[in-house]
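# sequence and predicted structure, then a few things I'm wondering about:
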Amino acid sequence: MDVGSAGGIEAGDGDVVIVSAPTDVPTDAEMQEAFDKKLAIGAEKTKSRMAPSGRDLFGNPTHLPPIVWLPGARQRNLWVNVLGPLHVGGTAGAPPITYTLPDGAPGANRTGDNAVGGHGKDGGSVALQADRILVTGPVTFNLGSGGDGGSAIAGPATSAKAIAKGGNGGNTGKFIMASAFLGILHGIDIQQPLTLNFGRGGRGGDATATGLPGEDGKPGKDGYSAKATGGDGGLGALPGSAGSDVTGLFNLIVNSNNGGDGGDATTTGGRGGNDLAKPGTHGGKGGKATSIGGHGGDATTSLAGGVAGALADGPGGNGGNATTNGGRGGDGNDCCGDDPDKGGNGGGGGEAIATPGDPGQGNPNGAAGMTNGVAGDGGAGGDG
């Protein structure tokens, strides 16, 4: 395929798929299998269904054209799987050609007694596959950033399940370069600078949970517990590998991006119910509150089996903050007046547990999350 020196593809908001025949349009499973390699320079290409008689090393090349996605496109990939050579980039000495992949879609926000935010989707990825691949001119691939995780809000509701979990942030997009000449020199020939810029990791979703109050009674009922866990930040870089069929790795430049921050977690235990008994008994205990901040995403890369021209780690994501307030204890009953009796005891305050999110690894590492945990106040004792 050759669209000419001024040609290109307007991708709209869909995947761009360039194959030698309609039968080679990939299934979702084939795409997933290829992108599971994360960062691979010199992997084995997805086999063509055309069953060619042999591999074509020097035939008419496919030239990768410029590609532009519409603003707002989400989690769209570039997939190339052709017979014969694939030429990537323009000509030596010409301005670089840049491909910018769309970002991943954000996760859905959720509410309910047991709310779980949707995970952010991974950023747009690239798979370049051919019998042979030549980087003929300077070229840059800006991989898509991960989408943010969705938030989760639980309670106070009609049940005891005040549990919320924020969605995880999506990871950066992936990059695969694969030839049919695995293990044979010059299957992939990086003749000019090839720059890979990872996308940012998506932020983990925040989580908020509020416990249901205990019922007033003889004695008062305990308040219900609440638990919130922030989503983990997405990866701003990926580990990689280089195959034995690659030449010109000194022209490969890999730049990491920021790991996603972990989501914050906020909880409030349910208030204990008040004592209604005479003589007084006690108010209910405040509900336990547990908050766990999300982990910050890592932003470290590597290239097993080869030495790139440059590999740079990015900043790790910050851990999520954890804020928690134990439920207040219920009040004891007042038993004074015309027929005085013993007043009730106030209920104990609820326990508060706050665990900050761990920082993501990178250069530099992210910061650990902050904590603010306050046990609930005890309820007031009743007069007698």
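Received, thanks.
# the stretch 251-384 of the chain: strands as residue ranges?
Taking DSSP state E, counting those that start in this stretch, the strands of the stretch 251-384 of the chain run over residues 252-255, 265-268, 289-292, 302-304, 310-312, 322-325, 352-355, 371-374.
# can you tell me which of those strands is most buried?
Most buried of the strands of the stretch 251-384 of the chain, by mean neighbour count (mean count of other CB atoms under 10 Å): strand 265-268, with a mean of 31. The C-beta positions use only the backbone N, C-alpha and C, and glycine is treated the same way.
# each with direction, which strands does that one pair with?
strand 207-210 (parallel), strand 322-325 (parallel) (DSSP bridges).
# out of the strands of the stretch 251-384 of the chain, which is closest to Leu212?
strand 265-268 (10.8 Å; CB to CB).
# now tell me what touches that closest one from outside.
162, 164, 166, 206-211, 226-230, 289-294, 320-325, 327 (CB atoms under 8 Å, 6 or more residues apart in numbering).
# how about low-confidence regions in this protein?
1-13, 50-59, 158, 181-186, 337-338, 343, 376, 378-384 (pLDDT under 70).
# what sits against Ala154?
111-115, 161-164, 207-210, 226, 228.
# which of those residues has the largest number of neighbours?
Ala207 (36 neighbours; other CB atoms under 10 Å).
# wait, it touches Gly262, no?
No: between Ala207 and Gly262 there is no contact under CB atoms under 8 Å: 10.6 Å.
# still on that earlier bit, now intersect the contacts of Ala154 with the strands, please.
If you go by DSSP state E, the contacts of Ala154 have Thr111, Asn114, Ala115, Ala162, Ile163, Ala164, Ala207, Thr208, Ala209, Thr210, Ala226, Ala228 in strands.
# report the two of these separated the most.
Thr111 and Ala226 (14.1 Å).
# can you put the strands of the stretch 251-384 of the chain in CSV and add distance to Ile188?
Shown next, in CSV, are these (distance: least, CB to CB, whole Å):
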stretch, distance to Ile188
strand 252-255, 10
strand 265-268, 45
strand 289-292, 44
strand 302-304, 13
strand 310-312, 18
strand 322-325, 47
strand 352-355, 46
strand 371-374, 49
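# Leu276 is nearest to which of those strands?
When these are compared by CB to CB, strand 265-268 sits nearest Leu276, at 23.9 Å.
# mind saving the C-alpha coords of that closest one as PDB?
Listed next in PDB are the C-alpha coordinates belonging to strand 265-268 (Å, rounded to 0.1, in the frame of the first residue of the first chain):
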ATOM      1  CA  ALA A 265     -10.500   6.700  50.300                       C
ATOM      2  CA  THR A 266     -12.900   8.300  52.800                       C
ATOM      3  CA  THR A 267     -15.100   6.600  55.300                       C
ATOM      4  CA  THR A 268     -17.500   7.400  58.200                       C
END
